[in-house]
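K.L.:
Quick one: sequence plus predicted model below, questions after.
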Amino acid sequence: MKKFILNTLLITSVLISCKNEDENTERINEKIKEEISLREIKSKEYFIEIIKKDSIWMESINQKAKERNISVDEMLTIDAEYMVARDAEIVKIENDIIRDTVWLDLVKKKAEKQGLKLDEMLTNDATFMYEEKLKNEQ
């Protein structure tokens, strides 16, 4: 009988400990969610400005415009629209991670291990997943 009571107390203690750990993890994840907000998709105008400031990218735009026999502005718009679509996919993955407490916790631990900020790790993981998806589609 004593063995049964001791085992019951031990199991109860473990269950309470797990419940407390789950509550603590949930509180930590809520705090992280307050610090990490869902990211918005960057605009076409944003990417046009980024491309214009990058001389190598602009050279590529000029070359592609010549090859396609279109204006530089048209090619710039095409690249910017591609970047918006790419960013939208990456943002969706990032936001899915943020909404999933288990997944977010894994990414947080990975960020700590690699010495990165959580938002950097989120973007890195989401970008990796996006690029892997593209590879698998080909």
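P.N.:
Happy to help now that I have it.

K.L.:
What segments of the protein are helices?
P.N.:
2-35, 44-53, 55-68, 72-99, 101-114, 118-137 (DSSP state H).

K.L.:
Pull the residues that contact the last one.
P.N.:
So that's helix 118-137. Here helix 118-137 makes contact (C-beta atoms under 8 Å, 6 or more residues apart in numbering) with 32, 35-36, 86, 89-91, 93-94, 97-98, 107-108, 110-111, 114, 116. The C-beta positions use only the backbone N, C-alpha and C, and glycine is treated the same way.

K.L.:
What residues sit buried inside that helix?
P.N.:
Residues of helix 118-137 classed as buried: 118, 121, 122, 123, 125, 126, 127, 129, 130 (neighbour count, 16 or more other C-beta atoms under 10 Å).

K.L.:
again with the fifth one
P.N.:
By 16+ other C-beta under 10 Å, the buried positions in helix 101-114 come out as 104, 107, 108, 111.

K.L.:
what residues are up against the second one?
P.N.:
Right, the one you point to is residue 107. Contacts of residue 107 by C-beta under 8 Å, 6+ apart are 97, 118, 121, 122, 125.

K.L.:
Count the residues that sit near residue 80.
P.N.:
22 (other C-beta atoms under 10 Å).

K.L.:
Surely it touches residue 52?
P.N.:
No - with contact defined as C-beta atoms under 8 Å, residue 80 does not count as touching residue 52 (9.7 Å).

K.L.:
Need the winner for burial among the helices of the chain.
P.N.:
Among these, helix 72-99 has the highest mean neighbour count (mean count of other C-beta atoms under 10 Å), at a mean of 17.

K.L.:
Return the distance of residue 109 relative to residue 98.
P.N.:
15 Å (C-beta to C-beta, to the nearest Å).

K.L.:
re earlier: please produce CSV containing the buried residues of helix 118-137, extended by pLDDT.
P.N.:
Formatted as CSV, those follow (pLDDT from 0 to 100):
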residue, pLDDT
118, 94
121, 96
122, 95
123, 95
125, 96
126, 96
127, 97
129, 96
130, 96
